[in-house]
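Enquirer: structure for this input, please:
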Amino acid sequence: MIKVSVIVPVYNVEDYLVECLESLVSQTLKEIEIICVNDGSTDGSMAILEDYKKKYPAIKVFTKPNGGLSDARNFGLKRATGEYIAFVDSDDYVHVNMLKVLYEAMIDAQADLCVSQIKEVYQTEKKDLIDHNEIYPMLGHPTVWNKLYKHEWIKMFDIEFPVGLWYEDNVFTYKYLLNQPKIVYVEDFLYYYRKERVGSIMSSQVSPKIYDIYEVGNQLAAYGKTRSLTTFERQQFELYFIRGIFFRHLPKIIKLEGKHPWHLYQKLRQHHAYLMSYYPNWINNPLFLEDKDRYFTDKLGKHFILKIKILKVLLNLGVRRSN
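Expert: Residues are numbered from 1 along each chain as shown. Predicted coordinates for the structure are as follows:
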């Protein structure tokens, strides 16, 4: 029986692929399959995959025309046979015990989702990244690659990645979370996320693709309306829009549009209007006001509410002036 299917999308990563594959074929959990999806690579990645396929029966290699990360992951999901699903990006690597630790934690807790902690890998150092929010369980990191998912749930709720969009992990993970899974956390740092790879899609946020976040929000809002959530869960979901869609993208918009101040101002107004279209009373969200996990306090100081209200007034004034 295959306990875990690991889906690895591969596109032009010959410099990093061996380290990734070595970390997977060395896993202490042996009942796994490693589904490598060659997404139209034009470098030496396919030769590396073929070599590893010959040496390790757990590795399955598929080749398809280039369709992007989401398309490759969806392709792999359709061919996965494991009870649980893990995603590993081919420029990253994992601890040799990762799948064993996550799988056993899932079984012991009878959980629906297991989350490990992350090591961010830079050229000269590694940094710890915690993916564990005890206060707001829905507000951890949306990344899919440090988690273990129930395959049955993915199929039951028809969850897949949105093709062609940035921030695709947000759609997948939040659709999963909106079905109210029981979550178990592993405190070990088991996933090694490479932060400074040349050519990585997310290595530079100076792209109009940052506005894909609006379509991500649209898809999640529509899905959320179909779920039966508690008041606390709905407040967390609104807080995700406040944090993950609105505030996290403010500096990205400033970086992208900053050379043209008036155009930047217009974009910021539109950005705020987007949040208002879904949550017109967001400023009074009780979780935002309490800030129990100090998200805004740590970023903006203890008077964060006043600062944000001033920003909100300035953006609203701009809207009224243009009418």
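
Enquirer: going by C-alpha atoms from here, please, whenever you check contacts or count neighbours.
Expert: Will do.

Enquirer: residue contacts, the residue nearest the centre of the chain?
Expert: The residue lying closest to the centre of the chain (C-alpha atoms, centre = their mean) is Thr143, at 2.5 Å. Thr143 makes contacts with Asp169, Asn170, Thr173, as judged by C-alpha atoms under 8 Å, 6 or more residues apart in numbering.

Enquirer: over to Ile7?
Expert: Ile34, Ile35, Cys36, Val37, Arg73, Gly76, Leu77, Ala80, Ile85, Ala86, Phe87, Val88.

Enquirer: swap in 6 Å and give it another go.
Expert: Shown in contact with Ile7 (C-alpha atoms under 6 Å, 6 or more residues apart in numbering): Ile35, Gly76, Phe87.

Enquirer: among the residues you listed, who's most crowded?
Expert: Across the contacts of Ile7, neighbour numbers were computed from other C-alpha atoms under 10 Å; Ile35 holds the maximum, 24 neighbours.

Enquirer: could you check the pLDDT of Tyr193?
Expert: pLDDT recorded at Tyr193 is 98.

Enquirer: between the contacts of Ile7, which is closest to Met98?
Expert: Phe87 (11.9 Å; C-alpha to C-alpha).

Enquirer: pretty sure that closest one sits against Trp145.
Expert: Yes: the pair Phe87 / Trp145 is scored as a contact, 4.7 Å apart, by C-alpha atoms under 6 Å.

Enquirer: ok, for Lys126, nearest residue in space, not its chain neighbours?
Expert: Glu120 (5.4 Å; C-alpha to C-alpha, 6 or more residues apart in numbering).

Enquirer: Ile283 and Thr297: what is the separation?
Expert: Remark: distance between Ile283 and Thr297 (C-alpha to C-alpha, to the nearest Å) = 15 Å.

Enquirer: point to the helix or strand of this structure where mean pLDDT is at its lowest.
Expert: The helix or strand of the chain with the poorest confidence is helix 304-322; it has a mean of 79 (mean pLDDT, DSSP states H and E).

Enquirer: what would the contacts of Thr143 look like in CSV with secondary structure?
Expert: Shown next, in CSV, are the contacts of Thr143 (DSSP: H, G, I helix; E, B strand; the rest coil):
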residue, secondary structure
Asp169, helix
Asn170, helix
Thr173, helix
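
Enquirer: and those, which is closest to Ile213?
Expert: Asn170 (9.1 Å).

Enquirer: quick one, what contacts the residue lying closest to that closest one once chain neighbours are set aside?
Expert: The shortest distance from Asn170 to any non-neighbouring residue, by C-alpha to C-alpha, 6+ apart, is to Pro142 (5.2 Å). Pro142 makes contacts with Asp169, Asn170, Thr173, as judged by C-alpha under 6 Å, 6+ apart.

Enquirer: mind checking which helix or strand Pro142 is in?
Expert: According to DSSP states H and E, Pro142 maps onto no helix or strand at all.

Enquirer: how far away is it from Ile183?
Expert: From Pro142 to Ile183 the distance is 13 Å (C-alpha to C-alpha).

Enquirer: check His272 too.
Expert: 32 Å.

Enquirer: comparing those two, which shows the higher neighbour count?
Expert: His272 (20 against 16).

Enquirer: hey, where'd the strands end up in the protein?
Expert: Under the criterion DSSP state E, the chain carries strands at the ranges 4-10, 32-39, 59-64, 84-87, 93-94, 113-121, 126-129, 147-150, 183-194.

Enquirer: which of those sits most buried?
Expert: Each of the strands of the chain was scored by mean neighbour count; the highest is strand 4-10, a mean of 27, by mean count of other C-alpha atoms under 10 Å.
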